[in-house]
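> quick one: sequence plus predicted model below, questions after.
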Amino acid sequence: MRINIDRLQVGMTLDENIYRGVQLVISHGAIINRRHIEMIQRLDLESVQVLETTINQSPENNDDKYRQSVEKFKAICHTVTLGNLKIYDAVKDCLDPILKQIENNEKMAMQLWQIETADFYTYEHSVKVCMLSILLSKWMEKDQSFIEDIALVGLLHDIGKCNIPNEILNKPDKLTPGEFQVMKTHATLGSVLLNMSKAYSEKILKGVLHHHERFDGKGYPTQLSGINIPEYARIVAVADVFDAMTSNRVYRDRMNPYQVFEIMYEGMGGGLDPDITKLFLNKVKRCYLGMEVILNNGQLGIIENVDTLYPYRPVIKSDEKLVDLTNDGYIEIEYLKIQ
């Protein structure tokens with residue numbers, strides 16, 4: 001559907017290529033962000049073609065629901081800290097809008113989890129891991145019952161951190177060996193806490209308990225390996241690692257998503273399930289098509305395409321030329337402009 005540029009909203013999906021002269025500046029299928037809208041306005045275009053199904057479904061209209069979910073989860077954690085285990089209804093109330101958002105518009109959800117909103121990392125991280133776990137399960141073609149369960153595991157995977165001392169949880173420096181041992185107890189604490197509430201299935205409890213196991217058997221708390229790790233835990237682990245590395249932390253700034261892609265890709269079979277990780281990377285890379293980047297050689301460009309075999313080495317459109325990072329190991333993405 002062709003609409004006037006005054007009606008463009010963040011989250012709509014572009015249904016045509018946008019050119020500046022002969023240079024492609026925004027690719028067909030890109031999810032419109034604020035930078036795209038500014039660029040289109042500078043091109044003096046009167047209208048653009050967008051997918052009709054994405055009109056009136058932009059993240060701008062759903063940010064409040066997302067932020068409310070984060071705030072609700074903060075309240076849940078506060079309740080748990082005070083010793084109240086009756087959290088099932090509160091968790092469901094927190095999850096319902098998340099599930100509805102993703103059910104109604106998957107692409108919109110892929111934008112929402114990139115929002116920076118909460119003042120405490122753990123709360124926002126839990127909501128994002130929940131969303132990513134739901135998306136990943138949908139890509140794996142899981143049924144609705146599985147998706148509802150994985151949403152709970154994703155949201156509650158770090159609930160045990162509510163009982164970790166704040167001086168450890170929010171320490172800006174590297175944890176001492178002793179502090180790290182305390183931190184590692186959060187998986188067990190979370191499983192025990194949820195079990196005491198008598199509201200969650202054994203699969204959900206095991207998903208929370210084992211989300212820090214490693215595919216090579218070097219994780220915790222029980223050193224499970226390979227497919228012996230429950231599937232819920234293997235899915236949440238992928239979402240957990242990706243969001244943790246691409247988010248700001250008290251001890252470091254967030255990493256470039258393409259750096260994270262490479263770390264996860266090269267680490268498949270070590271920490272993470274390789275099949276689940278490969279699927280995740282090949283799907284989530286779509287979020288960044290059309291975004292602006294600065295390369296380590298100073299060039300400016302736009303992400304044009306991503307190779308399935310090397311999702312961390314995209315094709316960049318720069319100065320009317322294509323720069324394929326798979327062919328040049330010296331060029332890296334230095335900075336990526338995230339909405």
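It's in. Numbering: from 1, shown residues only.
> okay, now residue 327: neighbour count?
9 (other C-beta atoms under 10 Å). Placement of C-beta: from N, CA and C, glycine included.
> so residue 72 touches residue 90, yeah?
Yes - using C-beta atoms under 8 Å, residue 72 and residue 90 qualify as a contacting pair, with a distance of 6.9 Å.
> overlap in contacts, the two.
With C-beta atoms under 8 Å, 6 or more residues apart in numbering applied, the contact sets of residue 72 and residue 90 do not overlap.
> quick check: beta-bridge partners of the residue nearest to residue 51 when sequence neighbours are not counted?
Distances taken as C-beta to C-beta, 6 or more residues apart in numbering put residue 13 closest to residue 51, at 4.3 Å, once the chain neighbours are dropped. Taking DSSP bridges as the rule, residue 13 bridges to residue 31.
> do you know how far residue 13 is from residue 102?
Distance of residue 13 to residue 102, given as C-beta to C-beta, to the nearest Å: 16 Å.
> which of the two has more neighbours?
residue 102 (22 against 19).
> so what's that one up against?
109, 131, 134-135, 138.
> now do residue 134
98-99, 102, 109, 147, 150-151, 154.
> out of these, which is most surrounded?
residue 154 (31 neighbours).
> show residues contacting stretch 160-180.
By C-beta under 8 Å, 6+ apart, stretch 160-180 touches 77, 80-81, 122, 182-183, 185-193, 208, 250-251.
> just the buried residues of those residues.
Among these, the ones that count as buried by 16 or more other C-beta atoms under 10 Å are 77, 80, 122, 183, 185-191, 193, 208.
> tell me the first helix or strand C-terminal of the one helix or strand in the chain whose mean pLDDT sits lowest.
Within the chain, judged by mean pLDDT, DSSP states H and E, the helix or strand with the poorest mean is helix 106-112; its value is a mean of 59. Next in sequence after helix 106-112, counting helices and strands by DSSP states H and E, comes helix 121-139.
> buried stuff in that next one?
Of all the residues in helix 121-139, those buried under the rule 16+ other C-beta under 10 Å are 121-138.
> residue 96 is in contact with residue 151, correct?
No - if you go by C-beta under 8 Å, residue 151 and residue 96 don't touch, sitting 9.7 Å apart.
> common neighbours of these two, please.
By C-beta under 8 Å, 6+ apart, no residue touches both residue 151 and residue 96.
> so what touches stretch 280-291?
Contacts for stretch 280-291 (C-beta under 8 Å, 6+ apart): 14, 26-27, 29-31, 33, 35-36, 110-111, 114, 132, 135-136, 139, 238-239, 242, 257-258, 261, 264-265, 302-306, 308, 311-312, 314, 336-338.
> show me those that map onto helices.
35-36, 110-111, 132, 135-136, 139, 238-239, 242, 257-258, 261, 264-265 (DSSP state H).
> where in the stretch 201-339 of the chain is pLDDT low?
Per-residue confidence for the stretch 201-339 of the chain (pLDDT under 70) gives these ranges: 250-251, 337-339.
> what about the strands in it?
Listed in chain order, the strands of the stretch 201-339 of the chain (DSSP state E, counting those that start in this stretch) span 292-295, 300-305, 315-318, 321-324, 333-336.
> would you list the ones you listed in CSV and tack on distance to residue 173?
Shown next, in CSV, are the strands of the stretch 201-339 of the chain (distance: least, C-beta to C-beta, whole Å):
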stretch, distance to residue 173
strand 292-295, 30
strand 300-305, 35
strand 315-318, 36
strand 321-324, 38
strand 333-336, 26
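> can you lay out those strands as TSV showing mean neighbour count and distance to residue 222?
Formatted as TSV, those follow (neighbours: other C-beta atoms under 10 Å; distance: least, C-beta to C-beta, whole Å):
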stretch	mean neighbour count	distance to residue 222
strand 292-295	18	41
strand 300-305	19	40
strand 315-318	19	43
strand 321-324	14	44
strand 333-336	16	37
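> so which of the ones you listed gets nearest residue 216?
strand 333-336 (28.6 Å; C-beta to C-beta).
> so residue 254 sits against residue 248, correct?
Yes - the pair residue 254 / residue 248 is scored as a contact, 4.8 Å apart, by C-beta under 8 Å.
> neighbour count winner among these two?
residue 254 (16 against 12).
> and the more buried one, what is it in contact with?
245-248.
> repeat that with 7 Å
Residue 254 makes contact with 246-248 under the criterion C-beta atoms under 7 Å, 6 or more residues apart in numbering.
> repeat for residue 225
215-217.
> still on that earlier bit, can I get the contacts of residue 134 in CSV with secondary structure and distance to residue 168?
Listed next are those as CSV, based on DSSP: H, G, I helix; E, B strand; the rest coil; distance: C-beta to C-beta, whole Å:
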residue, secondary structure, distance to residue 168
98, helix, 28
99, helix, 32
102, helix, 33
109, helix, 32
147, helix, 33
150, helix, 28
151, helix, 28
154, helix, 23
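> let's have these in a markdown table, adding distance to residue 21.
Compiled in a markdown table, these are given as follows (distance: C-beta to C-beta, whole Å):
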| residue | distance to residue 21 |
| --- | --- |
| 98 | 42 |
| 99 | 44 |
| 102 | 38 |
| 109 | 35 |
| 147 | 45 |
| 150 | 46 |
| 151 | 46 |
| 154 | 45 |
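> can you tell me which of those residues is nearest residue 328?
Taking these together and measuring to residue 328 by C-beta to C-beta, the closest member is residue 109, at 33.7 Å.
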